[in-house]
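Engineer: Test case, fold it:
(chains A and B)
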Amino acid sequence: MDAVKRYFRSPAAIIGLVLLLLVIAMAISAGFLYPRDPLALAGRPLVWPFSNPRFLLGTDNSGRDIAAQIFYGARISLLIGGVATVIAILIGILVGAFAGYYGGWVDNVLMRITEAFQTLPNFVLLLVLVAVFGSTLTTVTIAVGVVSWPAPARLTRAEFLSLRNREFVQAGRTLGMKDIQLILGEILPNALPPVIVYASVVMAVSILLESALAFLKLSDPNVASWGNLIGLGRDVLRVQWYVSAIPGVAILVTVLAVSLVGQGLNDALNPRLKSR
Amino acid sequence: MRILSLAGRRLAASIPTLFLILIGVFLLLQLAPGDTVDALMAQMGGGDAATAKELRQFYGLDLSVPAQLANYLWRLVRLDLGFSSIYGKPVATVILERLPPTILLMTASLSFAFFFGLLFGVIAARGVNRWPDTLISTLGLVFYATPSFWFGLMAIVVFSVYLQWLPPGGFEDIGTIRTGIWHVFDIAAHLLLPTLTLGLIFLAIYLRIMRASMLEVLNLDFVRTARAKGLDETRVITRHVLRNALLPMVTLIGLQAGTMLGGSVVVESVFSLPGLGRLAYESVVQRDLNTLLGIVFVSALLVISVNFVVDLLYARLDPRIAAEG
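Structural biologist: Sure, this is the predicted structure:
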């Protein structure tokens, strides 16, 4: 309860939460506000925003409603960001927990692999994965998750290293608990808070990675995503710059909201750091 | 000398990592639909199965996967990255041609982000929780959330289309031939927007770290001592705080080298710069897997060398590190 109270004491955290709820509301309401396919032809191409009440945000190069694409795009961004984050955090916890708990050669091997992933620029690896497995919604989401796990893994490992010889763990060991029980039941719950807070960073980066991929026309072309729309708008950038500008603002707001909420959570859960 | 051997040991430790990456990506690319010969045949406008078989034999693609891998690694040791059938040149030549713009772009962006991150971080920390701090911290958050390619596009709209101050893309003006200092100015004008675009997110990260690090160091005892002995605030900051607060910033350069290289893929595509990042994108689109593997190798090498330099810098800034090693 204390943490909740602390969270709502920070104006930045409240702004972040409001913005995030707004984006979630957009994603939920897309279906009944714009029941038609957002990628279907809706009217004349390149109608400027606010010039036609039917298309509040105008239309793109091929006459599709930009507002509808923005609403449906919220779904895609949150979906990809959310699922990729879950994938990255799960792999990260798995690798970090085993490396930190067992130490020795297990730690050595796992950290070598982590290092390899960190040495290779993650966007280059993302390009390789997309080149190999193609660019559907599923493969792109998994690929974004797969390139983002090293940082959570290192964080989990550090937590496990500091916790594995604490008294409560040794008590569990004397009670005859198995390693897996100790890892999942005893250490993990204590190691989790910083990793959960870090998830907001992973989610912000995931959304940015996917939109960059979509902008390069390497993400799924058959869904309405903000990155796709920016890439499309690039062809008419000189005059109808709004086609690219509007979805960019949507990405900015979403990533900002996720970061602010993450920072608010961090300050609420680690009150000592805040006072510095 | 001690510093060198310490950094050298870390460099040697990264060789297995490099091989791990190469073997991993090589095996991954075996799963890709189509190989070099398919790409080549498509380029030639198709051909019969006999030609394809001959070509596969020529490129050694008819061998088993482990044999191909062994071949590849053996060629790598001799710095032979293979042949790009799309560009009709050895991969090493293609990559070397594309390397200078990327290195120039990365160095410029890093310097920009580091310098202004340091400056803004110090200003924010000096006025903590007052309006300069609030303004700088808010800007930092917004910059962090801005997709770089979108910022680049908007910069093109403002500075190239409306104001017409700067060129919208390319590495140099090919219409007129310039020499000497004018050539340098020309390239600088072309790189200004890409540098800002790539550096923006790193500026945000650096200023946040610098601010936190300054606040931490400002509370330490030796700073109080420096103030107590009557030094003015500027001297306290420049002589005592800055050097110690700089350490996390330097660490960050090494950690972010890969991210920056990844970011240049996008930025080079926005500004059509003929660099390594754009080559990576092109080789994905054109299924030039040999070149893609070569880029993986070179970018890993780049990240490792940046970390080597960071190790050296680090030991210089904090003599304790070299002494302990």
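
Engineer: Can you tell me the SS state at the spatially most central residue of chain B?
Structural biologist: Residue closest to the average C-alpha location in chain B (C-alpha atoms, centre = their mean): residue B:261, at 2.8 Å. Taking DSSP: H, G, I helix; E, B strand; the rest coil as the rule, one finds residue B:261 in the helix state.

Engineer: Tell me who's in contact with it.
Structural biologist: A:121, A:123-124, B:102, B:106, B:276-277, B:299, B:302-303 (C-beta atoms under 8 Å, 6 or more residues apart in numbering or on different chains). In short, each C-beta sits where N, CA and C put it, glycine included.

Engineer: Could you do residue B:123 as well?
Structural biologist: Taking C-beta under 8 Å, 6+ apart, we find residue B:123 in contact with B:132-133, B:136.

Engineer: Could you identify the helix or strand that succeeds the stretch of helix or strand it belongs to?
Structural biologist: Using DSSP states H and E, residue B:123 sits in helix B:91-126. Sequence-wise, the next helix or strand downstream of helix B:91-126 (DSSP H and E) is helix B:131-145.

Engineer: tell me the mean pLDDT for the helix or strand that that next one is followed by?
Structural biologist: Sequence-wise, the next helix or strand downstream of helix B:131-145 (DSSP H and E) is helix B:148-155. What helix B:148-155 shows for mean pLDDT is 91.

Engineer: Which helix or strand lies directly C-terminal to helix B:148-155?
Structural biologist: helix B:180-218.

Engineer: hmm, that following helix in reach of chain A?
Structural biologist: Yes: counting by C-beta under 8 Å from any C-beta of the partner chain, chain A is contacted by helix B:180-218 at B:215-216.

Engineer: And that helix, what does it pack against?
Structural biologist: On a contact count with 3 or more C-beta pairs under 8 Å, 6 or more residues apart in numbering or on different chains; DSSP states H and E, helix B:180-218 meets helix B:91-126, helix B:131-145, helix B:148-155, helix B:242-270.

Engineer: quick check: angle from the last one to helix B:180-218?
Structural biologist: Spelled out, that is helix B:242-270. Between helix B:242-270 and helix B:180-218, the angle comes out at 130 degrees (axes from the mean of the first three to the mean of the last three C-alpha atoms, to 10 degrees).

Engineer: Show me which parts of helix B:242-270 are buried, residue by residue.
Structural biologist: Within helix B:242-270, the residues that qualify as buried are B:242, B:244-250, B:252-270, counting by 16 or more other C-beta atoms under 10 Å in any protein chain shown.

Engineer: what about residue B:304, how many neighbours?
Structural biologist: 20 (other C-beta atoms under 10 Å in any protein chain shown).

Engineer: just the helices in chain A please.
Structural biologist: A:2-7, A:11-33, A:66-102, A:104-119, A:122-133, A:137-147, A:150-163, A:167-174, A:179-181, A:188-215, A:226-233, A:242-269, A:271-274 (DSSP state H).

Engineer: which other residues reach the fifth one?
Structural biologist: I take that to be helix A:122-133. Contact with helix A:122-133 is made by A:117, A:139-140, A:143-144, A:146-148, A:209, A:212-213, A:218-219, B:25, B:28-29, B:31-32, B:258-259, B:261-263, B:265-266, B:280-281, B:284, B:287, B:289, B:292, B:295-296, B:299, as judged by C-beta under 8 Å, 6+ apart.

Engineer: Among the residues you listed, name the buried ones.
Structural biologist: A:117, A:139-140, A:143-144, A:146-148, A:209, A:212-213, A:218-219, B:25, B:28-29, B:32, B:258-259, B:261-263, B:265-266, B:280-281, B:284, B:287, B:289, B:292, B:295-296, B:299.

Engineer: Contact residues of the stretch 101-250 of chain B facing chain A?
Structural biologist: Counting by C-beta under 8 Å from any C-beta, the residues of the stretch 101-250 of chain B that sit close to chain A are B:141-142, B:144-151, B:153-154, B:156-157, B:161, B:215-216, B:219.

Engineer: I'd like to know which of the residues you listed are buried.
Structural biologist: Buried members of these, scored by 16+ other C-beta under 10 Å, are B:141, B:144-151, B:153-154, B:156-157, B:215.

Engineer: Let me have the residues you listed in TSV, extended by distance to residue A:171.
Structural biologist: Written out in TSV, the entries for these read as follows (distance: C-beta to C-beta, whole Å):
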residue	distance to residue A:171
B:141	43
B:144	43
B:145	45
B:146	49
B:147	49
B:148	50
B:149	53
B:150	53
B:151	54
B:153	59
B:154	58
B:156	63
B:157	64
B:215	38
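
Engineer: and which of those residues is nearest residue A:175?
Structural biologist: residue B:215 (43.8 Å; C-beta to C-beta).
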